[in-house]
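# Model the structure of this input:
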Amino acid sequence: MKLVIVESPTKAKTISKFLGSDYEVTSSYGHIRDLPKSKLGIDVDEDFSPQYVIPTKVRKTVTALKKKAASADEVVLATDEDREGEAIAWHLTQALDLATDKTERIVFHEITKDALQSALEHPRQLNISLVNAQQARRILDRLVGYLLSPFLWKKVVRGLSAGRVQSVALRLIADREEEIQRFKPEEYWTLTADFQKEGGQESFTAALHSINKESLPKPGIATEKEVNIIADDIQNGSVSINDITQKTVKRNPLPPFITSTLQQEANRKLRLSARQTMRAAQSLYENGHITYMRTDSFNLSQESLSAARRFIQHEWGKDYLIEKPRVFKVKSRLAQEAHEAIRPTDPARTPESLGKEFSQAAERKVYELIWRRFIASQLPQAQFSATTISVSVEHKKNEYLLRANGTTLVFDGFLKVWPQKFEERTLPNITRRDVLSVIAVNPEQHFTEPPPRYNEASIIKALETFGIGRPSTYAPIISVIQLRNYVQKNESRRFEPTEIGTLVNRLLKEHFPEIVDVGFTARLEEELDAIAEGNLEWRKAIRKFYEPFAKHLEKKYEEVSKDDILPPEEKTDEVCEKCGKPMVVKTGRFGRFLACTGFPECKSTKSLGNPQEPLGPCPKCKKGEVVKKRTKKRRMFYGCNRYPDCDYASWSKPKEIGEEAASQDQED
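Prediction:
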């Protein structure tokens, strides 16, 4: 009997369907060894040797696995083919004392019968370079977290923590907030004019494009006075048709999903957090519906491309078959892991045909996104007919060029399964000989706007662009900075730094700039990639980081005082209800609060409450007001300010009270 070990029971159950009675498939339930929680767990004096332990919660699992492995003829390690999966397999060999001659390692990108059979026929050795890359990341994160966090406890407030990658994400969000606060809007104007053909009924609108053959300044015309002069010239000028062009415009489909783009699109279209998306994708993968969901590769197997062509021809005919399969290249120079893109394991398995198999609505929606994106990637270009009418208006010495653009869809192509927003605009039938007249001139005032705050989609895109983290880390990064109360989502589902998040970011930028430096963190990622490729020794990379970091940290313990970081306590008119002494405003892990000046003899504290105005009368007691609150896990909700006298609470906004819009921020 051969024992196959995977990470999850769901994956084990799916694989069991494809293997015969000669195999027993079981699960390790993830990692079975890790660094201890109670101490650093890294011997920095012994070349950074990790001190792995078997956590209490998995000891029964390890005992059971040992027993099964001892009685098996052969052990097959079938964990995921990435750094994390390779490390899990390696830890299994260590914890279970697996003999090399009776242990095989297999990998596959999808859980199908053919993929499993091929993997079993082509086992390989453990890739120790991938294991070392995972170890290096884990050790680097532990060194930063376990050494820098106590510094924050001593210099700011106990309970804070710092993470190597999460701190960079916090910086991006906090720096964007500073940029927004500094922003000063500037006025600018645009101008359009409505024209009509002489003797005709139809009119069209053209936008001002250039003045005296010079393009308009960015973002537009500076003042109302200037635009009014231009408007008057156009209203009273001599109009002629400068040019009419017609051409076919083709739009290409997007590539199939990789981890980052799936998370971004699911957030935009389905309002799912990165964590929710990955949970749904994990379930889809383990149940055999999609390929492996942690990837930054656009590769597609020849089998999947052939299956897609068969499906497309059967459904829509030869008009929707492209000449040869479309191939996409990864733009990122840091792309890793020889995976495929995320795609359905069987293109003929449409979302509609799988509706009853999904236990969660999120799974069905995520599968539909993946299926549509993959099929669309192998459909023809969408074709549009684009018409541009250029109108010249001359007045005195000035010549104004205005342009009107019309677009109509000629062939939908990939839009058949991947709809995109576009506006069809039909222009009237006009020739260059026609005479036009101005029927209206429309100046419009605008103001420049600050850059938008990050949402889940845009922060993931930023992390990917800067080379921060990897496909498996985006969701945890976003979850951690919210759980630490460093950032929170506003009503527009965009991230804002909290008061304590702003304080931590300011401290790290000032005293540990390399920790939150985007370029420095990206270079560390490159070194981890080099370790994974076998081109860099992992202990050397850690030593290069640790030695200057440790010296710098020791120096900062001496240089930085708590008074330098925290603002002075604010006096208030509040009196302690327990001892009668005055209360002051202090800053804690969850922001500002009232504390008794009699501390430590009196430890009385009081919440400052929600600084926002009440949002409306409580629909339950009719006496209190609805205000924003947060759960212990920092998830926002709406409740009565008379609590505990009134226990009204709702996930939905006040104007939606009663509708219980519980889906809006499940992972906030």
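
# for the most centrally placed residue in the chain, what are its contacts?
With distances taken as C-alpha atoms, centre = their mean, residue 460 lies nearest the centre of the chain, 3.1 Å away. Residues near residue 460 by C-beta atoms under 8 Å, 6 or more residues apart in numbering: 260, 263-264, 267, 274, 474, 478. Backbone N, C-alpha and C define where each C-beta goes, glycine included.

# Okay, it and residue 140: tell me how far apart.
Distance, residue 460 to residue 140, by C-beta to C-beta, to the nearest Å: 21 Å.

# now do residue 42
10 Å.

# before we move on, what about residue 287?
In terms of C-beta to C-beta, residue 287 sits 34 Å off from residue 140.

# Please say which of these two ends up with more neighbours.
More neighbours surround residue 140 than the other of residue 287 and residue 140, with 23 against 20 (other C-beta atoms under 10 Å).

# Next, the more buried one: secondary structure please.
helix (DSSP: H, G, I helix; E, B strand; the rest coil).

# Find the nearest non-adjacent residue to residue 350, please.
Nearest residue to residue 350 in three dimensions, chain neighbours excluded: residue 371, at 6.8 Å (C-beta to C-beta, 6 or more residues apart in numbering).

# Could you check how far that neighbour is from residue 552?
Residue 371 is 50 Å from residue 552, by C-beta to C-beta.

# Neighbour count for these two, which is higher?
Set side by side, residue 371 and residue 552 show more neighbours around residue 371, with 22 against 14, by other C-beta under 10 Å.

# related to what we said a few turns ago, out of the contacts of residue 460, which comes closest to residue 456?
residue 267 (4.4 Å; C-beta to C-beta).

# contacting residues around the closest one?
Taking C-beta under 8 Å, 6+ apart as the test, what residue 267 contacts is 273-274, 277, 455-457, 460.

# In TSV: those, plus secondary structure and distance to residue 166.
Listed next are these as TSV, based on DSSP: H, G, I helix; E, B strand; the rest coil; distance: C-beta to C-beta, whole Å:
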residue	secondary structure	distance to residue 166
273	coil	16
274	helix	13
277	helix	19
455	coil	17
456	helix	15
457	helix	18
460	helix	14
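
# out of these, who's nearest residue 358?
The closest of those, once distances to residue 358 are taken by C-beta to C-beta, is residue 277, at 14.4 Å.

# so where's the stretch 251-400 of the chain uncertain?
331-338, 357, 359 (pLDDT under 70).

# how's this structure carved up into domains?
Residue ranges for each domain of the chain read 2-126, 136-183+452-562, 187-252+382-447, 259-377, 568-607, 610-668, as given by automatic domain parsing.

# Lowest average confidence across the ones you listed, which one?
Of all those, the minimum mean pLDDT falls on domain 610-668 (a mean of 67).

# element containing the spatially closest residue to residue 245 that is not a sequence neighbour?
Closest residue to residue 245 apart from its sequence neighbours, by C-beta to C-beta, 6+ apart: residue 388 at 4.9 Å. Per DSSP states H and E: residue 388 is located in strand 382-395.

# If you count neighbours, what's buried in that strand?
Neighbour-count burial for strand 382-395, counted by 16 or more other C-beta atoms under 10 Å, picks out 382, 384-385, 387-393, 395.

# What residues sit buried inside the following helix or strand past that strand?
Downstream of strand 382-395, the next assigned helix or strand under DSSP H and E is strand 398-411. Under the neighbour-count criterion of 16+ other C-beta under 10 Å, strand 398-411 has 399-402, 404, 406-407, 411 buried.

# Residues contacting the helix or strand following strand 398-411 from elsewhere in the structure, which ones?
Going down the chain from strand 398-411, the next helix or strand is strand 436-447, by DSSP H and E. Identification of contacts with strand 436-447 by C-beta under 8 Å, 6+ apart yields 185-198, 203, 205, 219-220, 224, 227-228, 230-231, 234-235, 237, 239-241, 391, 393, 430.

# Apply 6 Å and report the result again.
Applying C-beta atoms under 6 Å, 6 or more residues apart in numbering, the contact partners of strand 436-447 are 185, 187-196, 227, 231, 234-235, 239.

# what's the answer for stretch 42-49, then?
In contact with stretch 42-49 (C-beta under 6 Å, 6+ apart) are residues 50, 139, 539, 542.

# One more pass at 10 Å, please.
Here stretch 42-49 makes contact (C-beta atoms under 10 Å, 6 or more residues apart in numbering) with 35-36, 41, 50-51, 135-136, 138-140, 142-143, 146-147, 538-543, 546-547, 550.

# returning to that earlier point: any residues in contact with both of residue 42 and residue 140?
What both residue 42 and residue 140 touch, as defined by C-beta under 10 Å, 6+ apart, is the set 48, 542, 546.

# Format the residues you listed as TSV; extra columns: neighbour count, secondary structure and distance to residue 282.
Converted to TSV, the shared contacts of residue 42 and residue 140 look like this (neighbours: other C-beta atoms under 10 Å; DSSP: H, G, I helix; E, B strand; the rest coil; distance: C-beta to C-beta, whole Å):
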residue	neighbour count	secondary structure	distance to residue 282
48	21	coil	31
542	22	helix	30
546	18	helix	33
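
# on contacts alone, who are the packing partners of the strand holding residue 388?
On a contact count with 3 or more C-beta pairs under 10 Å, 6 or more residues apart in numbering; DSSP states H and E, strand 382-395 meets strand 187-197, strand 203-211, helix 224-236, strand 238-251, strand 398-411, strand 436-447.

# Turn those into CSV, columns for distance to residue 579.
CSV is the format used below for those (distance: least, C-beta to C-beta, whole Å):
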stretch, distance to residue 579
strand 187-197, 56
strand 203-211, 70
helix 224-236, 63
strand 238-251, 71
strand 398-411, 73
strand 436-447, 53
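
# if you compare the ones you listed, which one is most tucked away?
strand 187-197 (a mean of 19; mean count of other C-beta atoms under 10 Å).

# what residue of the chain is the furthest out?
Largest centre distance within the chain, by C-alpha atoms, centre = their mean: residue 199, 55.3 Å.

# separation between that one and residue 266?
53 Å.

# Tally up the residues packed near residue 421, please.
The number of residues near residue 421, taken as other C-beta under 10 Å, comes to 4.

# Correction: the previous question concerned residue 170.
26.

# measure it to residue 553 for me?
19 Å.

# Ok, residue 25 next?
Per C-beta to C-beta, residue 25 is found 47 Å from residue 553.

# Looking at those two, which is more packed in?
residue 25 (21 against 17).

# So that one versus residue 303, what's the distance?
24 Å.

# Ok, residue 343 next?
Residue 343 is 11 Å from residue 303, by C-beta to C-beta.

# which neighbours do the two share?
Counting by C-beta under 10 Å, 6+ apart, the residues touching both residue 343 and residue 303 are residue 110.

# higher neighbour count, these two?
residue 343 (26 against 12).

# what's near enough to touch the residue nearest to that one when sequence neighbours are not counted?
The shortest distance from residue 343 to any non-neighbouring residue, by C-beta to C-beta, 6+ apart, is to residue 374 (4.2 Å). Residues in contact with residue 374, defined by C-beta under 10 Å, 6+ apart, are 255-257, 290-291, 300, 304-305, 308, 341-344, 347, 417-418.

# From these, which land in helices?
304-305, 308 (DSSP state H).

# Need the residues you listed in a markdown table (columns: distance to residue 637 and neighbour count).
As requested, those are exported to a markdown table (distance: C-beta to C-beta, whole Å; neighbours: other C-beta atoms under 10 Å):
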| residue | distance to residue 637 | neighbour count |
| --- | --- | --- |
| 304 | 44 | 24 |
| 305 | 47 | 19 |
| 308 | 44 | 22 |
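
# JSON lines for those, including distance to residue 321?
Converted to JSON lines, the ones in helices among the contacts of residue 374 look like this (distance: C-beta to C-beta, whole Å):
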{"residue": "304", "distance to residue 321": "16"}
{"residue": "305", "distance to residue 321": "12"}
{"residue": "308", "distance to residue 321": "10"}
